[in-house]
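A.B. asks: The following comprises the amino acid sequence and a computationally predicted model.
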Amino acid sequence: MAIRQKQTLDVVVVGSSNTDLVIKSARLPKPGMTELGGSYQVVSGGKGANQAVAAARTGSRVVFVANIGRDDFGDDAMAQLEREGISTRFVVRDRSAPSGVALIMVGDKGRNLISVAASSNDCLSIEHIERAKSAFANAKYCLIQLEIPQPTVRAALSLSKSQGVFNILDPAPCRRLSKSLLRLVDIITPNEFELAELTGMPVKTKRNIECAGEKLFQTGVGEVIVTCGERGVCHLSSDGANWFSAPKVNAIDTTGAGDCFNGSLASALSSDLGMAEAIRFAVSTSAHAVTIRGVQSSFPELKPSNCY
């Protein structure tokens, strides 16, 4: 009798699923003011789900670990994940908490304001992570964000480490992180504003970013990748700092660009690209995404093997 080989996953994504309520407006409102918006959309989102979709679109076999409400928004989110070929075996349907919702306003030049009601995402527990142990055992990379409880983040990072899986942490929404947690992280991917929050240092110039990135690196993370929009990406490791330029594009909507970058990075690394090539690939996919209105709908279907 033939022995069935253990199936290997590329990426396990642990994180949030939200329904995005998006208003496109000529201007973003100031406090106390009302702006008449233009178009309105209701679409699937959440950093975890977005990154899972980005990884799947770029060729990875992905399993998603999440807690989603048993409601209409949750049904739509599950249907979208399944359309993308993402395994939802470890997605819990919660009867006690509604699905998460994000209110997003997109203004001129693609700038945005976002407020999130975490709801069911706040109920993703350590027990949920433990029940998903087999997903970690079969994965190459684990991708996590901070729209779920921090004890759950730590549990996922610890389990991943124990299974010999590489951890990527997107520290968004930004919050204080302990050194003991950061030492569990192989790659951390803040944007420049999150880097400033994490380190308390300025990020006005490229040299500022290198110094702040070095401070974050000294906390014990394996590598630091700072996304800086049109200024490009700064990668810091034991070999020092290295910059990657961003292509000049006409940005229409930057919502989800970081999620596209992270999902594409995990996908490229899991396909055995080197770090420099993986960063260039992630830069190219996220640059494409900002030229199209929407979040998941803007993520390209492009395999790293077709680029390198």
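C.D. replies: Done, it's in. Numbering: from 1, shown residues only.

A.B. asks: what ranges do the strands span in the chain?
C.D. replies: For the chain, strands defined by DSSP state E occupy the ranges 11-14, 18-24, 40-45, 62-69, 87-94, 100-106, 112-117, 141-144, 166-169, 187-188, 223-227, 233-237, 240-244.

A.B. asks: Can you list the buried residues in the third one?
C.D. replies: The neighbour-count check on strand 40-45 (16 or more other Cβ atoms under 10 Å) flags 43, 44, 45 as buried. Glycine gets a C-beta too; all of them are placed from N, C-alpha and C.

A.B. asks: again, but for the fifth one
C.D. replies: Neighbour counts using 16+ other Cβ under 10 Å place 87, 88, 90, 91, 92, 93, 94 of strand 87-94 among the buried residues.

A.B. asks: which residues touch residue 229?
C.D. replies: Contacts for residue 229 (Cβ atoms under 8 Å, 6 or more residues apart in numbering) come out as 191, 192, 246, 254.

A.B. asks: Most neighbours of all the residues you listed, which one?
C.D. replies: For the contacts of residue 229, the largest number of neighbours (other Cβ atoms under 10 Å) sits with residue 191, at 21 neighbours.

A.B. asks: Check the contacts of residue 229 against residue 282 and report the nearest one.
C.D. replies: Nearest to residue 282 among the contacts of residue 229: residue 246, at 10.7 Å, using Cβ to Cβ.

A.B. asks: Please tabulate the contacts of residue 229 in CSV, including the columns distance to residue 133 and pLDDT.
C.D. replies: Formatted as CSV, these follow (distance: Cβ to Cβ, whole Å; pLDDT from 0 to 100):
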residue, distance to residue 133, pLDDT
191, 31, 97
192, 36, 96
246, 38, 94
254, 36, 87
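
A.B. asks: Redo these as a markdown table? Include distance to residue 114.
C.D. replies: Shown next, in a markdown table, are the contacts of residue 229 (distance: Cβ to Cβ, whole Å):
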| residue | distance to residue 114 |
| --- | --- |
| 191 | 13 |
| 192 | 17 |
| 246 | 22 |
| 254 | 11 |
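
A.B. asks: Surely residue 74 is in contact with residue 120?
C.D. replies: Yes: between residue 74 and residue 120 there is a contact under Cβ atoms under 8 Å: 7.5 Å.

A.B. asks: So those two - more neighbours on which side?
C.D. replies: More crowded of residue 74 and residue 120, by other Cβ under 10 Å: residue 120, with 28 against 23.

A.B. asks: How about the contacts made by the more buried one?
C.D. replies: Residues near residue 120 by Cβ under 8 Å, 6+ apart: 17, 67, 68, 69, 74, 94, 97, 98, 99, 100.

A.B. asks: residues in contact with the first one?
C.D. replies: With contact set as Cβ under 8 Å, 6+ apart, residue 17 has these partners: 44-46, 48-49, 64, 66, 68, 74, 77, 81, 91, 99-100, 120-121.

A.B. asks: again with the third one
C.D. replies: The neighbours of residue 68, taking Cβ under 8 Å, 6+ apart as the test, are 17, 74, 77, 78, 91, 92, 93, 94, 99, 120.

A.B. asks: Show me which of those residues is closest to residue 268.
C.D. replies: The closest of the contacts of residue 68, once distances to residue 268 are taken by Cβ to Cβ, is residue 17, at 23.4 Å.

A.B. asks: Turn the contacts of residue 68 into a markdown table, including distance to residue 155 and pLDDT.
C.D. replies: Compiled in a markdown table, these are given as follows (distance: Cβ to Cβ, whole Å; pLDDT from 0 to 100):
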| residue | distance to residue 155 | pLDDT |
| --- | --- | --- |
| 17 | 18 | 97 |
| 74 | 23 | 96 |
| 77 | 23 | 96 |
| 78 | 23 | 97 |
| 91 | 17 | 98 |
| 92 | 15 | 97 |
| 93 | 20 | 97 |
| 94 | 18 | 96 |
| 99 | 22 | 97 |
| 120 | 18 | 97 |
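
A.B. asks: Let me have these in a markdown table, adding distance to residue 214 as columns.
C.D. replies: A markdown table is the format used below for the contacts of residue 68 (distance: Cβ to Cβ, whole Å):
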| residue | distance to residue 214 |
| --- | --- |
| 17 | 35 |
| 74 | 42 |
| 77 | 39 |
| 78 | 42 |
| 91 | 38 |
| 92 | 39 |
| 93 | 44 |
| 94 | 41 |
| 99 | 40 |
| 120 | 38 |
